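S.K.: What would the 3D arrangement of this be:
(2 chains)
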Amino acid sequence: MSKQTQSPSVAGAEDRASTSVIDPPDQNAHQELSRERDAAKQKQKERLSQLDHESLIDLYRQMLLIRRFEEKAAEAYVAGKIGGFCHLYIGQEAVGVGVISALRQDDYVLGSYREHGQAIAKGMSAKAIMAELFGKVTGCSKGKGGSMHMFDKDLGFLGGHAIVGGQIPLATGTAFASKYQGKDQVTVCFFGEAAVNQGAFHESLNMAQLWKIPCIYICENNQYGMGTSLARAMSLRDIAQKACAYEMASEFVDGMDVLAVREATLRAVERGRKESLPTLLEVRTYRFMGHSMSDPGNYRTRAEIEKYQERDPIKLFSASLLEEGIVDQQKLDQLDHEVRVEVEEAVKFADESPEPPAEDLYTDVYANPINFQK
Amino acid sequence: MAILTIREALNQALREELARDENVFLMGEEVAAYQGAYKVTKGLLEEFGDKRVIDTPITELGFAGLGVGAAMAGLRPIVEFMTFNFSILATDQIINSAAKMLYMSGGQFKIPIVFRGPGGSAFQVSSQHSQALESWYAYFPGIKVVMPSTPADAKGLLKSAIRDDDPVVFIEQERMYGNKGEVPEDPEFTIPLGVADVKREGKDVTIVARSLMVPVALKAAETLEKQGVSCEVIDPRTIRPLDINTIVESVKKTNRVVVAEESHPTCGVNAEICTQIMERAFDYLDAPVKRVSGADVPMPYAKNLENMAIPDVNKIVAAVREVAYLD
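M.R.: From the prediction side, this is the model:
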């Protein structure tokens, strides 16, 4: 990461250096990584008591389902089954699952274009999401939205939105509506750290605190806006601290620990429901893949990627669950088998589903269409 | 019938719709305590309270997006831009969110929202505060664009816009707020979106005009009547969807058309109307369609230059005489 603090004027040189992904971490670095991982695991184990075993296993299963789903989506993309952009959630599963596990079914969730995993965590079926990726009429947006625009009104998943930061005012609005209607719902808004530089972020946080709107802003800080590292894009990189500008509550959270994410979100949800106040959570995470399927990711060193893979949220959680005797290896194998079957079935469903009929091209443009006679 | 200004007619429409539906709320800069920069929202805070009539910070992108989100969750926001010039800051939310939400969600999320405020040329406020933006918004499927030219149309169309389930861009002409006219008093009086109005019947030349150009076209028609030319003046009222049938029917009768607008000519609404006339009524035309548009320059400040930048009665009269081959 130290390379990333160089001034932008030498960005080209830095890029050339970081394309050589053959620099494995040295032995000392490995030992340091192991120590960090063990410390994180210890902290996670202390949090295991917050949930019963069944719920813990369910969180694990959701994360695993997202991982296997995204791996399969990558395969399908390479095979030409999925078009356009495809931004994977691999590495960030603990954020979506941890946050949404702290919500009620009727709470709203909005995300960015990297929303497949959040949609799964909100309860949408792998079939409906995969079919949407395949551009099929059985998809959750009838094949009109694709990877970046997943919606399910009944489940309170209010979209994938694909202009960076565009979902932040929208989420502020859905939370505003809940308060207006006298409901105690909260809204969760997911966005990447690059969105924090957009005006939409600052305009929304200002209104949310000013008007006491129960919106929970989840900044998934995966440390890169496409290929630009945070250090090259943000003057004040302590994102949680930005909430001070709006007198808003905020926390920094380890996004590789699903239980830490859940705990912090529970505090924010309580603040939202009971006091109708917003919260900003900076959740530090890492995407293991490129920005999208077309990104080879050669602006990051292998050492950096390996560092975070040591902190893989799924490996961390399975180790905690195993070591505390909450699951055995057989159970983990069984879960893996189950989610693989679920994803295979989703692919089969998507593959076999029909394309949208031609007449769908002109439907859903207007809710109250005005038809003129020719 | 009551005689009202456009400002008063709009105020009545807002009051009646706020009273009619709890889900309707109004937000924007200076709409509440200040009573509206142009006093269109006068008295509404007092009557409906600060839950329903909300002063916003100067944060157009933010409150436009907040409005769209509120509409996703079942409310019916009316978002006022102090002028449409400031809506430029909010175009991401109007275009990328409001216009496209229903489609890209496969029909799940309708967006019943009205973006309204004054637009078009104002009085000597130079380039950034004096411009017509309807062609921007009319470009996008998913949005409806409405531009009233009389107090009755203003009231009836705004009520329909608020009751409509789609995003409506409702552009009031800044110079016309004080224009007076008869307005029906029935609180259920509405005018459907997408229906043009024949403002004056005639047989020799059709003038298609909207917003500020409607009273100008009517004055031109009076002048031309004295010169022996009978003009039909058609106000589309809704720019998208455009009631082209009413225009085409008139063209079939008169065989000659002038289209007038205050906006820039390039890629404008007039260009679209001309094309559609050509596509649907070419064989009925006895002369090429003539456009009268605002000057293709940013709006100047100096009074003499500003007057030259906006079409006037003389320009429309000359255009009509040209298509009628009178000069």
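
S.K.: In a strand, B:Arg116, correct?
M.R.: Yes. Under DSSP: H, G, I helix; E, B strand; the rest coil, B:Arg116 sits within a strand.

S.K.: Hmm, it is touching B:Ile78, no?
M.R.: Yes. In terms of C-beta atoms under 8 Å, B:Arg116 counts as a neighbour of B:Ile78; the distance is 6.4 Å. To be clear about C-beta, it is placed using only N, CA and C from the backbone, and glycine gets the same treatment.

S.K.: Can you pull the phi/psi pair for the residue lying closest to A:Ala268 once chain neighbours are set aside?
M.R.: Leaving aside its chain neighbours, A:Ala268 sits nearest to A:Thr279 (3.7 Å; criterion: C-beta to C-beta, 6 or more residues apart in numbering or on different chains). Per-residue torsions, A:Thr279: phi -140, psi 140 (degrees, to the nearest 10).

S.K.: Kindly report the same for A:Tyr180.
M.R.: The phi/psi pair for A:Tyr180 (degrees, to the nearest 10) reads phi -60, psi -40.

S.K.: so who does it touch?
M.R.: By C-beta atoms under 8 Å, 6 or more residues apart in numbering or on different chains, the residues touching A:Tyr180 are B:Phe25, B:Lys51, B:Ala70, B:Leu75.

S.K.: Show me the strands in the stretch 151-300 of chain B, by range?
M.R.: Under the criterion DSSP state E, counting those that start in this stretch, the stretch 151-300 of chain B contains strands at B:168-173, B:180-183, B:197-200, B:205-209, B:231-235, B:238-240, B:257-260, B:290-292.

S.K.: Can you give the distance of the third one from its chain's centre?
M.R.: Mean C-alpha position of strand B:197-200 versus that of the full chain (C-alpha atoms, centre = their mean, to the nearest Å) differs by 16 Å.

S.K.: looking at the strands of the stretch 151-300 of chain B, which is closest to chain A?
M.R.: strand B:238-240 (8.0 Å; C-beta to the nearest C-beta).

S.K.: Can you say which two of the contacts of A:Tyr180 are spatially most distant?
M.R.: The span of the contacts of A:Tyr180, defined through C-beta to C-beta, is set by B:Lys51 and B:Ala70 at 12.5 Å.

S.K.: who has more neighbours, those two?
M.R.: B:Ala70 (30 against 10; other C-beta atoms under 10 Å in any protein chain shown).

S.K.: Next, the contact list for that one, please.
M.R.: Contacts here follow C-beta under 8 Å, 6+ apart; on that basis B:Ala70 touches A:Gly173, A:Thr174, A:Phe176, A:Ala177, A:Tyr180, B:Phe25, B:Pro77.

S.K.: Count the residues that sit near residue 269.
M.R.: Answering for chain A, as no chain was given. A:Val269: 20 neighbours (other C-beta under 10 Å).

S.K.: that's the wrong chain, I meant chain B
M.R.: By other C-beta under 10 Å, 25 other residues sit near B:Val269.

S.K.: so what's it closest to, chain neighbours aside?
M.R.: B:Ser135 (5.1 Å).

S.K.: What of A:Ala233?
M.R.: A:Gly225 (5.8 Å).

S.K.: quick one, what contacts that neighbour?
M.R.: A:Gly225 sits in contact with A:Val164, A:Gly192, A:Glu193, A:Ala194, A:Asn197, A:Ala233, where contact means C-beta under 8 Å, 6+ apart.

S.K.: Spell out which parts of the stretch 201-350 of chain A neighbour chain B.
M.R.: For the stretch 201-350 of chain A, the contact set with chain B under C-beta under 8 Å from any C-beta of the partner chain comprises A:Glu203, A:Ser204, A:Asn206, A:Met207, A:Leu210.

S.K.: hmm, back to that, my guess is the residue nearest to B:Val269 contacts B:Gly268, does it?
M.R.: Yes. Contact criterion C-beta under 8 Å: B:Ser135 and B:Gly268 qualify, at 4.7 Å.

S.K.: could you list every residue that touches the closest residue to chain A within the stretch 201-327 of chain B?
M.R.: Nearest to chain A, among the residues of the stretch 201-327 of chain B, is B:Pro241, at 4.9 Å (C-beta to the nearest C-beta). Contact analysis of B:Pro241 by C-beta under 8 Å, 6+ apart lists A:Ile370, A:Phe372, B:Lys144, B:Leu193, B:Gly194.

S.K.: Please, which helix or strand holds the first one?
M.R.: Think A:Ile370. Using DSSP states H and E, A:Ile370 sits in no helix or strand.

S.K.: Can you get me a residue count around the closest residue to it other than its chain neighbours?
M.R.: Spatial nearest neighbour of A:Ile370, excluding adjacent residues (C-beta to C-beta, 6+ apart): B:Gly194 at 3.7 Å. Residues lying near B:Gly194 (other C-beta under 10 Å) number 20.

S.K.: quick one, phi/psi of B:Gly194?
M.R.: phi 80, psi 20.

S.K.: Settle this for me: it is touching B:Pro236, isn't it.
M.R.: No. B:Gly194 is beyond contact range of B:Pro236, at 9.1 Å (criterion: C-beta under 8 Å).

S.K.: ok, now which ones touch residue 240?
M.R.: Just going to use chain A. Contacts for A:Ala240 were tallied using C-beta under 8 Å, 6+ apart; they are A:Ser250, A:Glu251, A:Phe252, A:Leu280, A:Leu281, A:Glu282.

S.K.: wait, I meant chain B there
M.R.: B:Tyr137, B:Ala138, B:Ile143, B:Lys144, B:Val145.

S.K.: From B:Tyr137, how far out is the fourth one?
M.R.: Looking back up the chat, that one is B:Lys144. 9 Å (C-beta to C-beta, to the nearest Å).
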